[in-house]
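Undergrad: Just need the structure, nothing else, for what follows:
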Amino acid sequence: MISDSSTVITKVADTLSIEINTGPRSKHIQEVDTIEKLLLAWTSKRILRCTARPLYSINVGKPVGRLLKGVPEIRNAHQAALQKCAMKVCLVLIQK
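TA: All right, here's what the predicted structure looks like:
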């Protein structure tokens, strides 16, 4: 049986990506997503870095996530925020 801590570690590890710079600017980044790319980067002595995958790059097989510290009952806080947004939208629609 898998313990809870190893499950959390696995989920966090899935959201990380190994990257290399492909150019001088910060937008010239390539994710190393295969063993072949990793070996090529390693043998060409490229600098590898491990970062959290950005939220906009979510895709099948590429999960993203964020770690939050000190947020009790995140589902309740999220639902309350959604209800506030829905109320503001209703108020705007009624006023027009």
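Undergrad: switch to C-alpha atoms for all contacts and neighbour counts from now on
TA: Noted.
Undergrad: Please enumerate the helices of this protein.
TA: 4-14, 35-43, 74-95 (DSSP state H).
Undergrad: Which one of the ones you listed has the poorest average confidence?
TA: Note on the helices of the chain: helix 74-95 shows the lowest mean pLDDT, a mean of 67.
Undergrad: which phi and psi does the residue nearest the centre of the chain have?
TA: The centroid of the chain falls nearest to Val64 when counting by CA atoms, centre = their mean (2.9 Å). In terms of degrees, to the nearest 10, the main-chain angles of Val64 are phi -120, psi 160.
Undergrad: which residues touch it?
TA: Asp14, Thr15, Leu16, Ala52, Arg53, Pro54, Leu55, Ser57, Ile58 (CA atoms under 8 Å, 6 or more residues apart in numbering).
Undergrad: Excluding chain neighbours, what is closest to it?
TA: Nearest residue to Val64 in three dimensions, chain neighbours excluded: Thr15, at 4.8 Å (CA to CA, 6 or more residues apart in numbering).
Undergrad: Quick check: the one you found touching Ile58?
TA: No: if you go by CA atoms under 8 Å, Thr15 and Ile58 don't touch, sitting 9.5 Å apart.
Undergrad: With neighbour numbers in mind, choose between the two.
TA: Per other CA atoms under 10 Å, whichever of Thr15 and Ile58 has more neighbours is Thr15, with 19 against 13.
Undergrad: give me every residue that touches the more buried one.
TA: Thr15 sits next to Ala52, Arg53, Lys62, Pro63, Val64, Gly65 when contact means CA under 8 Å, 6+ apart.
Undergrad: Just the buried residues of the longest strand seen in the chain, please?
TA: The single longest strand within the chain, with elements called by DSSP state E, is strand 16-21. Neighbour-count burial for strand 16-21, counted by 16 or more other CA atoms under 10 Å, picks out Leu16, Ser17, Ile18, Glu19, Ile20, Asn21.
Undergrad: Right, I'll leave it there.
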